[in-house]
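Asker: this one's sequence-less:
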């Protein structure tokens with residue numbers, strides 16, 4: 001459920017708040033590769049940080 005909130009924040013809300021949500025999730029569950037994958041996809045799609053895209 002928090003994962004979905006993070007996705008909606010990336011899409012419609014504050015990207016920094018979305019990053020914080022995912023960073024806290026990943027700190028709690030570092031081995032959840034599904035969360036890592038979604039987080040990276042959201043960063044590429046909505047944040048377009050040149051370091052991530054490259």
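Answerer: Nice, I can see it. All figures in this text were calculated on a predicted structure; none of them were measured in a lab. Numbers count the residues shown, from 1 in each chain.

Asker: Give me the packing partners of the longest helix along the chain, helices and strands only.
Answerer: Counting by DSSP state H, the longest helix found in the chain is helix 15-28. Judged by 3 or more CB pairs under 8 Å, 6 or more residues apart in numbering; DSSP states H and E, helix 15-28 is in contact with helix 2-12, helix 33-42. For every residue, glycine as well, the C-beta is placed using N, CA and C.

Asker: Pass me the low-pLDDT residue ranges in the protein, would you?
Answerer: 48-54 (pLDDT under 70).

Asker: one more time with 90, if that's ok
Answerer: Within the chain, the segments meeting pLDDT under 90 span 1-3, 6, 10-11, 13-16, 42-54.

Asker: Mind checking which residue lies nearest the centre of it?
Answerer: residue 39 (3.1 Å; CA atoms, centre = their mean).

Asker: thinking again about what came up before, is it possible to get a markdown table of the helices and strands packed on helix 15-28 that adds distance to residue 27?
Answerer: Output for the helices and strands packed on helix 15-28, formatted as a markdown table (distance: least, CB to CB, whole Å):
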| stretch | distance to residue 27 |
| --- | --- |
| helix 2-12 | 12 |
| helix 33-42 | 11 |
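
Asker: Can you give me the buried ones in the longest helix of the chain?
Answerer: Residues 18-19, 21-22, 25 are the ones in helix 15-28 that count as buried (16 or more other CB atoms under 10 Å).

Asker: you'd agree residue 17 is up against residue 9?
Answerer: Yes: if you go by CB atoms under 8 Å, residue 17 and residue 9 touch, sitting 5.3 Å apart.

Asker: just to revisit the earlier point, tell me the contacts of the residue nearest to the centre of the chain?
Answerer: 6, 22, 25-26 (CB atoms under 8 Å, 6 or more residues apart in numbering).

Asker: Could you do residue 35 as well?
Answerer: 3, 22, 25-26, 29.
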